[in-house]
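# Quick check, what structure comes out for this input:
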Amino acid sequence: MTLSNPSPSHPGLELVLAPLIQDFMRFMQQQGLSSHQIHILMFIYHAGQCQVSDVGVLTGASKAAASQAVDRLVQQGLVEREEDPQNRRTKILRLSDKARGLIRVGVSSNPFLMNVVASLTAREHETLQEALGILAQAAGRLQKSNPSKEGSHAQNAQ
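Reported below is the predicted structural model:
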């Protein structure tokens, strides 16, 4: 099957993504995180690392407010902050193992996702695995070809 329009829009995409996101957000909130904190964690997760100023751009907050939000995540053991070796005045933010584990559990234990996957036939499951592999490879190529922050959540939030 060839797509004449490579647009990511697909009639069923919203039917899958909305409940997945809702269940994920519910799980993360049950862990004591606010929507704001989840948004920051997911930004850092996808970026790999970022600076406090990126969090400010993402959230539309001042540097002081972004720094306070990051401080709370550091205190919770979810974000690690270290000096940028190229500019000691700048701090680099990364997710802790605890945060990565929390996100992994939030995704892998998603009730909606578990029910959808359980309802697939063996052939549909194989097709899904293949499609997800293709999407992951394409995303990896895209990230490698554009290692700057262009196109990231922070840039898009401006």
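# got the contact list for stretch 81-97?
Residues outside stretch 81-97 that contact it (Cβ atoms under 8 Å, 6 or more residues apart in numbering): 41, 44-45, 48-52, 55, 70, 74, 77-80, 103. Bear in mind the C-beta positions are built from the backbone N, C-alpha and C, glycine included.
# Local confidence estimate at residue 8?
In this model, residue 8 is scored at 59, pLDDT.
# Identify the spatial nearest neighbour of the spatially most central residue of the chain, chain neighbours not counted.
In the chain, the C-alpha nearest the mean C-alpha coordinate belongs to residue 42, at 3.4 Å (Cα atoms, centre = their mean). Spatial nearest neighbour of residue 42, excluding adjacent residues (Cβ to Cβ, 6 or more residues apart in numbering): residue 103 at 7.5 Å.
# Is it correct that the one you found is in contact with residue 45?
Yes - counting by Cβ atoms under 8 Å, residue 45 is a contact partner of residue 103 at 5.9 Å.
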